[in-house]
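*Asks:* Build me a model:
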Amino acid sequence: MFRNLTIFATLLALFVVVLGAYVRLSDAGLGCPDWPGCYGSLILDESEAGIEHAAENYDRPLETSKAWKEMIHRYFASTLGLIILILTFMAWRKPELGVRGLTLSLSLLVMFQGALGMWTVTLLVKPVIVISHLLGGLATLSLLLLLLLRVRNIRLAKENKHRCVKSFASIAMLVLIAQIALGGWTSTNYAALACPDFPTCHGDSWNPDVDYKEGFVLWRGLGVDYEFGVLSNEARAAIHWVHRIGALVTALVLSYLAWLLFKLRALKESFMMTGLLATQIGLGILNVVLNLPLHVAVAHNAIAALLLLSVVYINFRLNNE
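*Replies:* From the prediction side, this is the model:
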């Protein structure tokens, strides 16, 4: 039962991460201007009285489609939090599972995620909070996968281990996390189309006129509404360009890791990573040349999550007897 519930929680966490990306990319992050309810109610009130209440008590007009997107995301995220608490309770009731510390970490993380979700709304989608919320969601997903791997006792054969590969796999995971953070920073600052051409930026330039200093200011004070972005075009282009450079570095690192795995005859892991990486590169290019269609942008986020899970999976299998 514990294993099956962990599988369900992992799949649900993946869905919540992708759904959160959909909410953000469809500009529904402030669909509900309050938290945890939406316009004062845990279930959106679309009646005339509810619409009048929203108009009288909130500065932001009620847009039901955006509000429902945000609330559905909250419902699923809350369900995930409840399941994680149940898993923690079960782990403490059965110490022989050996996952008490892991489930406790998950519970603390999901509580902090709830706080970040609240601050995302109350601080008006401040980019550093949105990025923290994204990384927290991916950390929750990764820890759930580790929990599942611990329970199922999945490991690579001992003869497939190699100290150099293990070290490089850890480096690859750090590089990928940094690139995901850059992608989140690009999205939350509305910089995905700041360089509308590919592979160059602003025409034929490989060294575009951008503002790196302004683009990477993490904290800009309180009371600023960040919906649709506040940065200049030059600052957004700087973020986008750095994300492209990061994508190139990440692709080289992960490709080398896939090659090392291939040499170790871990063929399934090598092909899995290669396929996800190729798909992610293609989606990133399509985002630019097709002018950021919603379904492609959401898929780009989903594959990033799967790519991270693949690297977590590989690291676990390489580092456990």
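
*Asks:* Which residue lies nearest the spatial centre of the protein?
*Replies:* L134 (4.3 Å; C-alpha atoms, centre = their mean).

*Asks:* which residues does it contact?
*Replies:* 17, 20, 180-181, 184 (C-beta atoms under 8 Å, 6 or more residues apart in numbering). Just so you know, the C-beta spots here come from the backbone N, C-alpha and C atoms, and that holds for glycine as well.

*Asks:* Ok, C164 next?
*Replies:* Per C-beta under 8 Å, 6+ apart, neighbours of C164: L260.

*Asks:* so it sits in a helix?
*Replies:* Yes: assignment of C164 by DSSP: H, G, I helix; E, B strand; the rest coil places it within a helix.

*Asks:* how close does it get to E56?
*Replies:* Between C164 and E56 the distance is 65 Å, computed by C-beta to C-beta, to the nearest Å.

*Asks:* quick one on the thing from earlier: specify which member of the contacts of L134 is nearest to V151.
*Replies:* For the contacts of L134, the closest approach to V151 (C-beta to C-beta) belongs to V17, at 21.1 Å.

*Asks:* so the closest one touches A139, yeah?
*Replies:* No: V17 is not in contact with A139 according to C-beta atoms under 8 Å; the separation is 10.4 Å.

*Asks:* circling back: of all the contacts of L134, which two lie farthest apart?
*Replies:* G20 and A181 (15.0 Å).

*Asks:* The two - which one has more neighbours?
*Replies:* G20 (22 against 17; other C-beta atoms under 10 Å).

*Asks:* hmm, which helix or strand of this structure has the shakiest average pLDDT?
*Replies:* helix 48-57 (a mean of 90; mean pLDDT, DSSP states H and E).

*Asks:* List the buried residues for it?
*Replies:* Residues 50, 53-54 are the ones in helix 48-57 that count as buried (16 or more other C-beta atoms under 10 Å).

*Asks:* the domain parsing of the protein - what is it?
*Replies:* Split into domains by automatic domain parsing, the chain comes to 1-154, 158-321.

*Asks:* how distant is the first one from the center of its chain?
*Replies:* Going back to what we said before, that points to domain 1-154. 12 Å (C-alpha atoms, centre = their mean, to the nearest Å).

*Asks:* next one: the longest one
*Replies:* The chain centroid and the centroid of domain 158-321 are separated by 11 Å, computed with C-alpha atoms, centre = their mean.

*Asks:* Quick check: mean pLDDT of it?
*Replies:* Domain 158-321 shows an average pLDDT of 92 in the prediction.

*Asks:* With stretch 22-42 instead?
*Replies:* The pLDDT scores in stretch 22-42 average 93.

*Asks:* Name the nearest residue to G229, sequence neighbours excluded.
*Replies:* Nearest residue to G229, sequence neighbours excluded (C-beta to C-beta, 6 or more residues apart in numbering): Y190, at 3.6 Å.

*Asks:* Shouldn't the residue nearest to the centre of the chain be within a helix?
*Replies:* Yes: assessed with three-state DSSP, L134 lies in a helix.

*Asks:* now A192, nearest residue through space, not along the chain?
*Replies:* Nearest residue to A192 in three dimensions, chain neighbours excluded: L292, at 5.2 Å (C-beta to C-beta, 6+ apart).
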